[in-house]
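In: Everything below, folded, please.
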Amino acid sequence: MTCDLLRERERTRRRVLWALATFQPGNPSASHLLAILDNLDDQEQNDTPCSDKLLDLIEVRNSVSVMRHNSGIDIILEQTIPQPWRERFLQASIGSTRVTDGPYAADWDKFLTEWEREMQQLQNHRVAQAANS
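Out: Numbering: from 1, shown residues only. Below is the predicted model:
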């Protein structure tokens, strides 16, 4: 997959997750958003060879290097974030403050926490949709 395709897919995922957050699980208006996310998940599965399973959240959290910046703030080394997680973080962090050497570690932690919450919300929507079918 090219960087441009990955960027566009994760940009779309981010926008859809933000839009989905405006609906309560079970709201029929959310069904088109769930279909978009299902399609993105299918694309991701098709792009990932069987031997290259996507890292789960705990593995990603443990794989990223944190270092103390000379400003006294902990930062992360962007290049240690595996794809597609790096692009997900970048899309969620557009407009965030950072130092030139890397994003703030606190922003990375916030992203991971928010991702867990979003995935739980997504699961709640999927369960509600299945119950309404």
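In: Please identify the buried residues of the longest helix seen in the chain?
Out: When the chain is scanned for its longest helix (criterion: DSSP state H), the result is helix 105-132. Neighbour-count burial for helix 105-132, with 16 or more other CB atoms under 10 Å as criterion, is recorded at 105, 107-108, 111-112, 115, 118, 121-122, 125, 128-129. Just so you know, the C-beta spots here come from the backbone N, C-alpha and C atoms, and that holds for glycine as well.
In: and if you look at stretch 88-103?
Out: Taking 16+ other CB under 10 Å as the basis for neighbour counts, the residues of stretch 88-103 that come out buried are 88-93, 102-103.
In: Among those, which are located in helices?
Out: Among these, the residues falling in helices (DSSP H) are 88-92.
In: Turn those residues into TSV, including pLDDT and distance to residue 80.
Out: Output for these, formatted as TSV (pLDDT from 0 to 100; distance: CB to CB, whole Å):
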residue	pLDDT	distance to residue 80
88	95	15
89	96	11
90	95	14
91	95	18
92	95	17
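In: Let me know the secondary structure of residue 6.
Out: In three-state terms, and counting by DSSP: H, G, I helix; E, B strand; the rest coil, residue 6 is helix.
In: Without its sequence neighbours, what residue ends up closest to it?
Out: Setting aside the residues directly before and after it, residue 6 is nearest to residue 87 in space (CB to CB, 6 or more residues apart in numbering), at 5.2 Å.
In: Now distance to residue 56 too, for the buried residues of stretch 88-103, in JSON lines please.
Out: What follows is these, written out as JSON lines (distance: CB to CB, whole Å):
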{"residue": "88", "distance to residue 56": "13"}
{"residue": "89", "distance to residue 56": "15"}
{"residue": "90", "distance to residue 56": "20"}
{"residue": "91", "distance to residue 56": "19"}
{"residue": "92", "distance to residue 56": "18"}
{"residue": "93", "distance to residue 56": "21"}
{"residue": "102", "distance to residue 56": "23"}
{"residue": "103", "distance to residue 56": "21"}
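In: mind checking how far residue 34 is from residue 59?
Out: 26 Å (CB to CB, to the nearest Å).
In: what do you get for residue 90?
Out: In terms of CB to CB, residue 90 sits 19 Å off from residue 59.
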